[in-house]
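Undergrad: Pasting the sequence and the predicted model now:
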Amino acid sequence: MRIAIVAVGRLGRGPEADLAKLYAERATAAGRALGLGPVEVIEVAARKRGPAAEAEAIAPHLAEAHLIACDEHGEPSNSRAFAQEIGRLRDRGVRRLAFAIGGADGLAPQVLESAQARLAFGPQTWPHALVRAMLAEQLYRAVTILAGSPYHRQ
């Protein structure tokens, strides 16, 4: 199952971008044997500002994917439950899983409505650059949980 983090905005170079890339690469390497990956971070720039323009820009990257919207009003999940859900999706034959991260104003209503699930990273507000890195790390953690690796301790 291919996994994509589709995020509005380009980070360029910096520690958050480096972390997101590092964990996506780790998840890709560890996930091969489990039928998970590659994990890619896709950055999208909208031509205009606002959720509607951003929705138009990310739409091609969400086509034919099981969509999970990263949204402050979504459901929080612990790492083990997150991993189990990814495993269930893979086992059900989902070929492409996409996580959408909106811009400063969040995701457009049409993106949220088309999502099969909404994921929250807790009640705090997080910078979008950190959310990418946090999500990539959680995907790596999910792969290691599914593989039985000792990376995750609970």
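TA: Thanks, I have it. Keep in mind the model is a prediction, meaning the values are calculated, not measured.
Undergrad: Would you mind listing the buried residues in the helix or strand harbouring Gln138?
TA: Assigning secondary structure by DSSP states H and E places Gln138 in helix 128-147. For helix 128-147, a neighbour-count test (16 or more other C-beta atoms under 10 Å) marks 128-129, 131-146 as buried. Glycine gets a C-beta too; all of them are placed from N, C-alpha and C.
Undergrad: Check stretch 23-35 too.
TA: Within stretch 23-35, the residues that count as buried by 16+ other C-beta under 10 Å are Tyr23, Ala24, Glu25, Arg26, Ala27, Thr28, Ala30, Gly31, Leu34.
Undergrad: So for that stretch, mean pLDDT?
TA: Mean per-residue pLDDT for stretch 23-35: 97.
Undergrad: Show me the shaky parts of this structure.
TA: Along the chain, the model assigns pLDDT under 70 to residues 152-154.
Undergrad: Kindly recompute the last result at 90.
TA: Within the chain, the stretches with pLDDT under 90 are 9-14, 45-52, 104-105, 123-129, 149-154.
Undergrad: which residue lies farthest from the center of it?
TA: Distance from the centre of the chain peaks at Lys48, with 23.1 Å (C-alpha atoms, centre = their mean).
Undergrad: Dump the lengthiest strand in the chain to CSV, restricted to CA.
TA: Assignment by DSSP state E gives strand 66-75 as the longest strand of the chain. Extracted in CSV, the C-alpha atoms of strand 66-75 (Å, rounded to 0.1, in the frame of the first residue of the first chain):
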residue,chain,number,x,y,z
HIS,A,66,-8.3,6.2,1.0
LEU,A,67,-8.2,9.7,2.5
ILE,A,68,-7.5,10.6,6.1
ALA,A,69,-7.8,14.3,6.7
CYS,A,70,-5.6,15.8,9.4
ASP,A,71,-8.0,18.1,11.2
GLU,A,72,-8.2,19.6,14.6
HIS,A,73,-11.7,18.3,15.0
GLY,A,74,-10.7,14.8,14.0
GLU,A,75,-10.3,11.8,16.3
